[in-house]
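**Q** sequence? don't have it. structure:
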Ligand SMILES: NC(=O)c1ccc[n+]([C@@H]2O[C@H](COP(=O)([O-])OP(=O)(O)OC[C@H]3O[C@@H](n4cnc5c(N)ncnc54)[C@H](O)[C@@H]3O)[C@@H](O)[C@H]2O)c1
């Protein structure tokens, strides 16, 4: 996709972190924006910020885990702007818990938001973007979508699913000679509010600890890594650049891909599972 001025982008989880970075980058490129998020206060602050720069923005409180809410989001988008060109399935959450302790409610919540959210997004928005005749669908996976580290079972399953969803979508689009393209964002550590939001939004409870001492330590360790992570605005600019250059893989920390190469080598050599 080459032209961005007056094109319409929908960003889920667009009020914070990486989604906010995308919203800012798209606005700077002259696009109109639809921001969907659970956090209404953060959304209205972002809308004010972008409107002050002259961007046309609408927001909608949306839970991406609900098909009816994604359908309502699509309706708002076409009613407001008459078309949609870019969808970023970005909203996501995750908590560290060992597989032996992970509650079924948490498996369901994480997979509903992190995998069903993007599936609903593709299902509802793909026909609309194809109708517009030019556009792009991106989804935010993770390095956890390429290599399964410990204590993040549900997140790993969902994020591997997102990579598979987007790779299949891109192949199917090319097979149909569609003008629409797809990409997947696999970030390494980015300095965002994901740890706080994942605790706040966890259904039924708001406890930072998930399975006692070990996951509490892991959560703190993850938080410390994220605080030293990349600026999410930089990630937003990378996504815009990747869309304009038709890149499928968007890796914020490409050197981390060495871990994947090691895994493939071990798969071939001695069939052991490498550390991650
Ligand atoms: N921060 C990182 O290091 C990192 C690394 C890899 C992947 N990711 C992925 O990046 C994406 C964005 O996360 P972030 O790090 O910017 O976190 P963030 O919490 O700063 O932003 C995520 C936004 O999504 C919203 N959200 C959460 N659940 C939602 C739901 N059910 N429906 C709609 N909105 C919802 C939140 O309110 C928030 O505004 C996620 O998919 C996450 O898994 C983040």
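**A** Perfect, I can see it now. Remember, it's a predicted structure, so these values are computed and weren't measured experimentally.
**Q** show me what contacts the spatially closest residue to residue 134 that is not a sequence neighbour?
**A** Once flanking residues are discounted, residue 134 sits nearest to residue 179: 5.5 Å by C-beta to C-beta, 6 or more residues apart in numbering. In short, each C-beta sits where N, CA and C put it, glycine included. Counting by C-beta atoms under 8 Å, 6 or more residues apart in numbering, residue 179 touches 130, 133, 134, 135.
**Q** could you dump those residues to JSON lines with secondary structure, pLDDT and distance to the ligand?
**A** Converted to JSON lines, those look like this (DSSP: H, G, I helix; E, B strand; the rest coil; pLDDT from 0 to 100; distance: C-beta to the nearest ligand atom, whole Å):
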{"residue": "130", "secondary structure": "helix", "pLDDT": "98", "distance to the ligand": "24"}
{"residue": "133", "secondary structure": "coil", "pLDDT": "97", "distance to the ligand": "28"}
{"residue": "134", "secondary structure": "coil", "pLDDT": "97", "distance to the ligand": "25"}
{"residue": "135", "secondary structure": "strand", "pLDDT": "98", "distance to the ligand": "21"}
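**Q** which of those has the most neighbours?
**A** For those, the largest number of neighbours (other C-beta atoms under 10 Å) sits with residue 135, at 26 neighbours.
**Q** can you pull up the bridge partners for it?
**A** For residue 135, the beta-bridge partners are residue 180 (DSSP bridges).
**Q** name the residues that touch the helix or strand bottoming out on mean pLDDT in the chain?
**A** Among the helices and strands of the chain, helix 213-227 carries the lowest confidence by mean pLDDT, DSSP states H and E, at a mean of 82. For helix 213-227, contacts defined as C-beta under 8 Å, 6+ apart pick out 95-98, 101, 151, 189-192, 194-195, 208-210.
**Q** low-confidence regions, the stretch 101-250 of the chain specifically.
**A** 205-214 (pLDDT under 70).
**Q** show me what contacts the closest residue to residue 149 other than its chain neighbours?
**A** Leaving aside its sequence neighbours, residue 149 sits nearest to residue 276 (C-beta to C-beta, 6+ apart; 4.3 Å). Shown in contact with residue 276 (C-beta under 8 Å, 6+ apart): 147, 148, 149, 150, 259, 263.
**Q** doesn't the last one fall inside a helix?
**A** Yes: looking at residue 263 with DSSP: H, G, I helix; E, B strand; the rest coil, it is inside a helix.
**Q** what's the neighbour count on the nearest residue to it once chain neighbours are set aside?
**A** Distances taken as C-beta to C-beta, 6+ apart put residue 274 closest to residue 263, at 4.9 Å, once the chain neighbours are dropped. Counted with other C-beta under 10 Å, the neighbours of residue 274 add up to 14.
**Q** residue 274 is in what secondary structure piece?
**A** According to DSSP states H and E, residue 274 maps onto no helix or strand at all.
**Q** before we move on, back to that, ok, then the element right after the least confident helix or strand of the chain?
**A** Following helix 213-227 in sequence, per DSSP H and E, is helix 232-244.
**Q** does any bit of the lengthiest helix in the chain sit next to the ligand?
**A** Ranked by residue count and defined by DSSP state H, the top helix of the chain is helix 153-175. No: if you take C-beta under 6 Å from any ligand atom as the test, helix 153-175 misses the ligand, and the best it gets is 6.8 Å.
**Q** same thing with stretch 234-254?
**A** No: using C-beta under 6 Å from any ligand atom, stretch 234-254 never reaches the ligand; the gap is at least 8.0 Å.
**Q** ranges for the strands of this structure?
**A** 8-12, 32-37, 57-61, 86-89, 135-140, 180-186, 249-251 (DSSP state E).
**Q** just checking, what packs against the second one?
**A** When contacts are defined as 3 or more C-beta pairs under 8 Å, 6 or more residues apart in numbering; DSSP states H and E, strand 32-37 sits against strand 8-12, helix 17-28, helix 40-52, strand 57-61, helix 67-81.
**Q** got the angle for it vs strand 8-12?
**A** 10 degrees (axes from the mean of the first three to the mean of the last three C-alpha atoms, to 10 degrees).
**Q** next, the buried residues of strand 32-37.
**A** 32, 33, 34, 35, 36, 37 (16 or more other C-beta atoms under 10 Å).
**Q** alright, calling it a day.
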